[in-house]
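>>> Quick one, fold the following:
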Amino acid sequence: MSNADSSNTIQRRGLMMVLSSPSGAGKTTIAQRLLETDSGITLSVSVTTRAKRSNEIDGRDYSFIDATAFNLMVNRDQLLEHAKVFGNYYGTPRAPVEKTLATGRDILFDIDWQGTQQLKEKARDDLISVFILPPSWRELERRLRARAEDDTAEINRRMAKASDEMSHWAEYDYVIVNRDLDQCVAAVREILHSERLKRDRQIGLSEFVSGLMQGQ
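So this is what the prediction gives:
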């Protein structure tokens, strides 16, 4: 068998990359940039009981369901993680994640610290977690207001929640301060590239090296 043939025996187990941040720190924009430039990663589409925003598409941004359907998924253990955020429920469907990982593709999660903790408990070896911090408190508020998606009361509520969310930064594998969006996206790409090359994620690597040592 040639070296080229040997290299085909190396496969890679898919990984899960979590991006978390307080609202307005940039995780959703970073996720979009990553998905646009990396064909090897796909977005995990969460289910949620919150109302759909005008710029969102059902099934692409979230799967919007009612509380009854959500509770049924919880009771049937069909969610890898779920949490209540700002009065609404969010969760990650188990089946599509497991199917995607089995094919060697990576999955990107835009979830909070509660969901990340649950994923750690169930799939720590497959998980990479990245926390995005804003450069300052004032800039976080400015970005929230610039989005023009929420009224003043909702913005104030998100700002009040931000301190609690940021207190969980030390639970993550990587922490990035989003001072510049392009640099932040580049840093996330570097993390993903490095994690893909880890030895224990390359299935068949031992056999491949053995073959090389035998002159194959």
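
>>> quick one: the strands in the chain?
Taking DSSP state E as the criterion, the chain carries its strands at 11-12, 16-20, 41-43, 47-48, 63-64, 79-85, 88-93, 106-110, 127-133, 174-177, 202-203.

>>> Just the pLDDT at the most centrally placed residue in the chain, thanks.
Residue closest to the mean C-alpha point of the chain, counted by C-alpha atoms, centre = their mean, is F109 at 2.1 Å. Looking at F109, its pLDDT stands at 94.

>>> Residue ranges in this protein under the pLDDT threshold?
Along the chain, the parts satisfying pLDDT under 70 run over 1-8, 148-149.

>>> repeat that for 50
Along the chain, the model assigns pLDDT under 50 to residues 1-4, 6-7.

>>> ok, now which ones touch E141?
For E141, the contact set (C-beta atoms under 8 Å, 6 or more residues apart in numbering) comprises 24, 155, 159. C-beta coordinates here come from the backbone N, C-alpha and C atoms, glycine included.

>>> Let's see if you can find the most crowded of those residues.
G24 (24 neighbours; other C-beta atoms under 10 Å).

>>> what sits against F86?
By C-beta under 8 Å, 6+ apart, F86 lies in contact with 50, 157-158, 161.

>>> circling back: quick check: the gap between the nearest residue to the residue nearest to the centre of the chain once chain neighbours are set aside and R124.
Nearest non-adjacent residue to F109, counting by C-beta to C-beta, 6 or more residues apart in numbering: V18, 4.5 Å away. Plainly put, V18 is 12 Å away from R124 if you go by C-beta to C-beta, to the nearest Å.

>>> more crowded one of the two?
Counted by other C-beta under 10 Å, V18 and R124 do not tie: V18 has more neighbours, with 25 against 10.
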